[in-house]
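A.B. asks: Could you look at this predicted model? Sequence included:
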Amino acid sequence: MRDEGQEEQLGFLRALRQSRAASFRKEIFPHFRYVFQSGFGLFISAIFFSALVWYIDLIKAVPVNWPADTVGVVVISLAALRAPLRTYMLPADSVFLLAMESQVLQAYVKPALREAIWTGVLRTLAVFLIFSPIYLRAPVTLDVAHSHSIVIMAALFAIIAGCNVYAGWSERKPASRLWRVGLRIARWLATVVSIAALLLKPLIMAIPLTVMCMAVVWLLWRIPARHALPWEKLIGEEEASRRRWLSFLGWFVDVPTETSKPARRVWIAWIADSLLWQHKWSWHFLYAKVFLRGETFGAFWRWVLLSCVVVIVSGNVVADAVIYGISILIGGLQLSELRRVRFVETAATLPIAPEGRLIAAAAIARTAGMAAAALVGLVGIVTGPFRLDLWLPLIAVGLLWCGWWMPRKTSKFTDEDDL
């Protein structure tokens, strides 16, 4: 009877995780059609084809001074180091499933860990296979590359990726935050050293060094006091993952967002404090703080920096123009989300007249948008073919969109527009 009861619990936990994963996909996936309708799909396609053309040209003739050794270590390390673990846990699990902790580990967490390991292995192998033609042709790695077996190296990188995911799971367990951070740094260093050795040194030297690095990390795991199952850590990571997905989708379509923790960002939040301390600037101050310390700031500037990187590596004037237009369009849509911010507008909590609220939101969006339009345009002028006849009109259109049209729509927004 006890075995039957335990098997029933294990079956329940497996089904619970599968149902939660299915519910999450059912919640998220329907919104992606709006993402692609917004032009994001065209932007991703432009990035893909630009990268493909650049990659083919690079394979045909790798420049003598092209740093294939450094690039290889960086890209493969980034692929192997990533160790997310999607458990779909909820805050109530630490109460209602605590009595079944050992069963949760066996039937709930281990399947998630296996999926994460396979994902990490496949991701790392894909990156290595993409990099291997460059590795075999680049002058700086030509000699060492032809002395290595690509199959053996792929197997070793797959093992490193799998060990990284498992190590990422183990470094969540220590009770001390200091130990968690220390173990993560040790894993990063061991991984980078191992990958650099496998790429750039003879395998007879690199393999023992890799084994030694893994052994050191394993020994470090054994030292700190650990939780059997880090409930709070896993629940916090799942909440953060859901917020990131919903925040991303919120750029393109209204989705139910969850409460997010404001970031401090002392290095940039002081800008809001520099506003004049007068009553007429109250809404500007509030919206500046919301933008600078909220999720929109990080998402918007990551998008802008990604656009700058794509413009830098594109090398094609037409592609740069398309990328600039799409990036500024979508960046403006991100900033327009400030109009949906709501405050408790009562005399007891916020004694400010509501009339200037949307005008202030539009002013903050205008400032950030025009800065981004000028930045991406300046990057295109400096790093690409010097075509002022193309870039000056593009920047003018971008400034018009971010400085007039998008703020104008933001300032005239009404609650009925949500319907």
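C.D. replies: On my side now, so go ahead. Numbering: from 1, shown residues only.

A.B. asks: Tell me how far Glu238 lies from Pro174.
C.D. replies: 19 Å (Cβ to Cβ, to the nearest Å). (C-beta placed from N, C-alpha, C; glycine too.)

A.B. asks: That should have said His227, apologies.
C.D. replies: His227 is 8 Å from Pro174, by Cβ to Cβ.

A.B. asks: Kindly report the same for Trp218.
C.D. replies: In terms of Cβ to Cβ, Trp218 sits 14 Å off from Pro174.

A.B. asks: Compare neighbour counts for the two and give me the winner.
C.D. replies: Taking neighbours as other Cβ atoms under 10 Å, Trp218 and Pro174 compare with Pro174 leading, 22 against 14.

A.B. asks: quick one, domains of this protein?
C.D. replies: Under the assignment automatic domain parsing, the domains of the chain span 2-241, 262-418.

A.B. asks: Which one of those domains has the poorest average confidence?
C.D. replies: Across those, domain 262-418 has the smallest mean pLDDT, namely a mean of 76.

A.B. asks: thinking Ala361 is in contact with Tyr287, fair?
C.D. replies: Yes - with contact defined as Cβ atoms under 8 Å, Ala361 reaches Tyr287; the gap is 5.0 Å.

A.B. asks: Are there residues contacting both of those two? Which ones?
C.D. replies: 338, 341 (Cβ atoms under 8 Å, 6 or more residues apart in numbering).

A.B. asks: Quick check on these two: which one has the bigger neighbour count.
C.D. replies: Ala361 (28 against 25).

A.B. asks: Next one: the more buried one from Trp405, what distance?
C.D. replies: 15 Å.

A.B. asks: ok so, going back, dump the domains of the chain into CSV; add distance to Phe248 as well.
C.D. replies: What follows is the domains of the chain, written out as CSV (distance: least, Cβ to Cβ, whole Å):
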stretch, distance to Phe248
domain 2-241, 8
domain 262-418, 7
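
A.B. asks: Nearest to Ser247, out of these?
C.D. replies: domain 262-418 (4.8 Å; Cβ to Cβ).

A.B. asks: Return the distance of the closest one from the chain's centre.
C.D. replies: Taking Cα atoms, centre = their mean, to the nearest Å, one finds the center of domain 262-418 at 20 Å from the center of the full chain.

A.B. asks: So Cys213 versus Trp221, what's the distance?
C.D. replies: For Cys213 relative to Trp221 (Cβ to Cβ), the value is 13 Å.

A.B. asks: So the two - more neighbours on which side?
C.D. replies: Set side by side, Cys213 and Trp221 show more neighbours around Cys213, with 21 against 18, by other Cβ under 10 Å.

A.B. asks: Please name the residues that touch that one.
C.D. replies: Counting by Cβ under 8 Å, 6+ apart, Cys213 has contacts 190-191, 193-194.

A.B. asks: Give me the subset of those that lies in helices.
C.D. replies: 190-191, 193-194 (DSSP state H).

A.B. asks: Tell me the one of those nearest Gly356?
C.D. replies: For the ones in helices among the contacts of Cys213, the nearest to Gly356 is Thr191 (52.4 Å; Cβ to Cβ).

A.B. asks: residues in contact with that closest one?
C.D. replies: By Cβ under 8 Å, 6+ apart, the neighbours of Thr191 are 77, 80-81, 160, 164, 213.

A.B. asks: Disregarding flanking residues, what is the spatial nearest neighbour of Gln6?
C.D. replies: Nearest residue to Gln6, sequence neighbours excluded (Cβ to Cβ, 6 or more residues apart in numbering): Gln103, at 7.0 Å.

A.B. asks: what helix or strand does that neighbour sit in?
C.D. replies: helix 101-104 (DSSP states H and E).

A.B. asks: so after that helix, what's the next helix or strand?
C.D. replies: helix 110-137.

A.B. asks: For that next one, list every residue counted as buried.
C.D. replies: 111-113, 116-117, 119-121, 124-125, 127-128, 131, 134-137 (16 or more other Cβ atoms under 10 Å).
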